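*Asks:* dropping a prediction and its sequence here:
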Amino acid sequence: MQRTPTYRRPTRRPSTVQATRVSSRPMLKGSPEAYSRRSRTSSYASKRSQRVLRKKILVGAGISIAAVLAGALVFLGIWVSGIQDALHRNSEGKLLDLEGINAVTADRVRPSDPFYVLLAGTDDAAESGISRSDTIILARIDPHQKKAVLVSIPRDTRVQIPGYGYQKINAAYAFGAIEEKNGHSGPEFLIDAVSKLTGIKVHDFVQVDFSGFRQVVDALGGVEVDVPVDIVGDRDAGDVDVYAGQQRLDGEHALVFVRSRDFALSDYQRQANQRTFLQATAKQVLSSDPMAVVNSINALSRIIATSFNVDDIVDIANQMRSIQESDIFTYSIPCTSNKIEGSDYEIPDMAGIKDLMSAIDRGETPDPEQLGLTRQGATPDSYRGHAGLAQGSGQSSDSIPATVAGKYLVDVRNGFGIAGSARAVSDMLSIAGYQQGEIGNTSSSVYTETLVIYRGEEDCEAANDIRARLGYGRVIPSQGRYTFAGNVLVVVGGDFRA
């Protein structure tokens, strides 16, 4: 049986284009199921789930961070509130009478305007349970000019206190405390008395409690102070001695420095020491970084009670940052000492006070000598330094010759604000043959006694000769406490005689 032939299409090789197309297709790997529509839907869902999870994690982290920040802000608020509360309370935990203070103080117009702060230092309450303000300083702060002026008011200044007649001004605080039952307070009476005495409207009040002073100075890491005179053996002030020179005082030594008044000039030297300490503390705190300033405010809140708020203090501190010690000026109001009915008083020179405060209020820093604000006097024997220091004889018969004196370079600084005193001493020593060195001023005009400071033992002979030629002052070794270029430094004090 014959078969019907079957037609077969001839096989053709793909063209080049076709071959290219075939070869360009991706090679499928794995199961075809992996490339199915169902598989792509599943992968999309998985990726979407991962994105949702990441979003939840980020949201959760954000909430956690927000919670931490909120907690930190709450803690900061509580911390600031705690400082605020401490600033408005005295050492006994009693709130200041802010309403009474506001009744006798003025409001500041603008934050950058100059303003006045009354600083009152109180010690432990007497047997009556009422403290007196033994330290009274009126400070003018000029944030725009970065300048401060401190004016001391002697605690024995005789003033009239309403309802109590003529009294010592430090009693105003006590009488105000007695009048609490009538709606008054110690700060209110003291601010009123100072305003009437000086003719200045006070803006804010700061009370410093010296009972916690030592601990706070230690918390600040001590304070760098240029101590003008030795304080030796004054056990009413404390159990340690403080020697002259640039040094960092810890709390115990700082307390003796600001409390001692066993001087020839008595309370005037004490006031000068307190102003010196305030200068040094302000310079140290305001030259710190912002966090250190805040920590200092925290430490100081333990011993101060004030009408300021925390934000006020921080704002002022920021404006006054980097203030130079040379821009902090100090004065004491002009008074004359007198005894009335058996009590020692400082009788205020009202015309002199008006001249001084008017100049300060204009932003000026008048020469103390021109206003008659300097007081001269000798330092008592108990403050003539520790044993072994060379002392001048006061005689000039054995003066070293000019040819020998010419080997020594002598720097002279005005240490008490007596106009022309440093130049006069330098010129006199130049005539005697000494090389004329630097002539300038100390950072604070608080040196009641002239100091003749020699660098090394080889300079001691010249120092003794200079002391003998002057006829006053005290010879001490530098021991690295003083900075000067010459062989000898003369710091002319309040005992200067032309």
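*Replies:* Nice, I can see it.
*Asks:* tell me which other helices or strands the helix or strand where Val208 lies touches.
*Replies:* Assigned by DSSP states H and E, Val208 falls within strand 204-209. For strand 204-209, the packing partners by 3 or more C-beta pairs under 8 Å, 6 or more residues apart in numbering; DSSP states H and E come out as strand 115-122, helix 186-198, strand 304-306. Heads up, the C-betas are built off the backbone N, CA and C, glycines and all.
*Asks:* now do the longest one: distance to the chain's middle.
*Replies:* Its chain's average C-alpha position is 24 Å from that of helix 186-198, according to C-alpha atoms, centre = their mean, to the nearest Å.
*Asks:* so it versus strand 115-122, what angle?
*Replies:* 120 degrees (axes from the mean of the first three to the mean of the last three C-alpha atoms, to 10 degrees).
*Asks:* let me know the angle separating helix 186-198 from strand 204-209.
*Replies:* Going by the same axes, to 10 degrees, helix 186-198 is angled at 120 degrees with respect to strand 204-209.
*Asks:* what residues does helix 186-198 touch?
*Replies:* 96-97, 100-101, 103-105, 118, 120, 131, 133, 136, 138, 151, 153, 157, 159-162, 169, 172-177, 179, 200-202, 205, 207, 333, 348, 353, 357 (C-beta atoms under 8 Å, 6 or more residues apart in numbering).
*Asks:* all helices of the stretch 351-498 of the chain, in order?
*Replies:* 402-405, 421-431, 460-470 (DSSP state H, counting those that start in this stretch).
*Asks:* as a markdown table, those with mean neighbour count would be great.
*Replies:* Listed next are the helices of the stretch 351-498 of the chain as a markdown table, based on neighbours: other C-beta atoms under 10 Å:
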| stretch | mean neighbour count |
| --- | --- |
| helix 402-405 | 13 |
| helix 421-431 | 18 |
| helix 460-470 | 22 |
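*Asks:* quickly, which of the ones you listed bottoms out on average pLDDT?
*Replies:* With a mean of 84, helix 402-405 has the lowest mean pLDDT of the helices of the stretch 351-498 of the chain.
*Asks:* show me where the stretch 201-350 of the chain has helices.
*Replies:* So, for the stretch 201-350 of the chain - with DSSP H, counting those that start in this stretch - the helices run 213-219, 251-259, 267-286, 290-300, 310-319, 350-361.
*Asks:* remind me which residues of the stretch 101-250 of the chain are low pLDDT?
*Replies:* The model of the stretch 101-250 of the chain has pLDDT under 70 over residues 123-132.
*Asks:* and the longest strand seen in the chain, what does it pack against?
*Replies:* Taking DSSP state E as the criterion, the chain has its longest strand at strand 133-142. Judged by 3+ C-beta pairs under 8 Å, 6+ apart, strand 133-142 is in contact with strand 115-122, strand 147-152, helix 186-198, helix 267-286.
*Asks:* any buried residues in the third one, and which?
*Replies:* It stands for helix 186-198. Across helix 186-198, burial judged by 16 or more other C-beta atoms under 10 Å covers 186-195, 197-198.
*Asks:* tell me what angle it forms with strand 133-142.
*Replies:* Between helix 186-198 and strand 133-142, the angle comes out at 60 degrees (the same axes, to 10 degrees).
*Asks:* same thing with the last one?
*Replies:* With the same axes, to 10 degrees as the basis, helix 267-286 and strand 133-142 are set at 50 degrees to each other.
*Asks:* and the residue most central in space within the chain, how close does it get to Gln324?
*Replies:* Taking C-alpha atoms, centre = their mean, the centroid of the chain lies closest to Ala282, which sits 1.5 Å from it. Using C-beta to C-beta, to the nearest Å, we find Ala282 at a distance of 10 Å from Gln324.
*Asks:* now do the strands in the stretch 351-498 of the chain.
*Replies:* 409-414, 435-441, 451-454, 474-477, 488-492 (DSSP state E, counting those that start in this stretch).
*Asks:* who wins for proximity to Val232 among those?
*Replies:* Val232 lies closest, by C-beta to C-beta, to one member of these: strand 474-477, at 12.5 Å.
*Asks:* what are the pairing partners of the closest one, and which direction each?
*Replies:* Using DSSP bridges, strand 474-477 pairs in its sheet with strand 451-454 (parallel).
*Asks:* which residue sits closest to the residue nearest to the centre of the chain, ignoring its sequence neighbours?
*Replies:* Nearest non-adjacent residue to Ala282, counting by C-beta to C-beta, 6 or more residues apart in numbering: Ile328, 6.3 Å away.
*Asks:* cool, Gly406 as well?
*Replies:* Nearest to Gly406 is Gly433, by C-beta to C-beta, 6+ apart, at 5.0 Å.
*Asks:* can you lay out the buried residues of helix 186-198 as TSV showing distance to Leu429?
*Replies:* Converted to TSV, the buried residues of helix 186-198 look like this (distance: C-beta to C-beta, whole Å):
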residue	distance to Leu429
Gly186	51
Pro187	50
Glu188	54
Phe189	52
Leu190	47
Ile191	48
Asp192	51
Ala193	47
Val194	43
Ser195	47
Leu197	42
Thr198	41
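*Asks:* out of the residues you listed, which one sits closest to Ser211?
*Replies:* Checking these one by one against Ser211 (C-beta to C-beta), the nearest turns out to be Gly186, at 15.8 Å.
*Asks:* per-domain residue ranges of the protein.
*Replies:* 98-361, 387-492 (automatic domain parsing).
*Asks:* just send those back as JSON lines, with distance to Asp367 too.
*Replies:* Listed next are the domains of the chain as JSON lines, based on distance: least, C-beta to C-beta, whole Å:
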{"stretch": "domain 98-361", "distance to Asp367": "10"}
{"stretch": "domain 387-492", "distance to Asp367": "6"}
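*Asks:* please identify which of the ones you listed is closest to Asn90.
*Replies:* With C-beta to C-beta as the criterion, Asn90 lies closest to domain 98-361 of the domains of the chain, at 4.4 Å.
*Asks:* between the two ends of that closest one, what distance do you get?
*Replies:* Separation of the first and last residues of domain 98-361 by C-alpha to C-alpha, to the nearest Å is 25 Å.
*Asks:* what about that domain, distance to the chain center?
*Replies:* 13 Å.
*Asks:* quick one: Arg455 and Asn487 touch, right?
*Replies:* Yes. With contact defined as C-beta atoms under 8 Å, Arg455 counts as touching Asn487 (5.5 Å).
*Asks:* so what sits against both of those two?
*Replies:* Counting by C-beta under 8 Å, 6+ apart, nothing touches both Arg455 and Asn487.
*Asks:* let me have the helices of the stretch 351-498 of the chain in TSV, extended by distance to Ser444.
*Replies:* Formatted as TSV, the helices of the stretch 351-498 of the chain follow (distance: least, C-beta to C-beta, whole Å):
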stretch	distance to Ser444
helix 402-405	30
helix 421-431	15
helix 460-470	22
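*Asks:* and the ones you listed: which comes nearest Ser296?
*Replies:* With C-beta to C-beta as the criterion, Ser296 lies closest to helix 421-431 of these, at 34.8 Å.
*Asks:* identify all contacting residues around the closest one.
*Replies:* So helix 421-431 is contacted by 405, 410, 412-414, 436-437, 439-441, 466, 469-470, 490, 492, 496, 498 (C-beta under 8 Å, 6+ apart).
*Asks:* many thanks, I have nothing further to ask.
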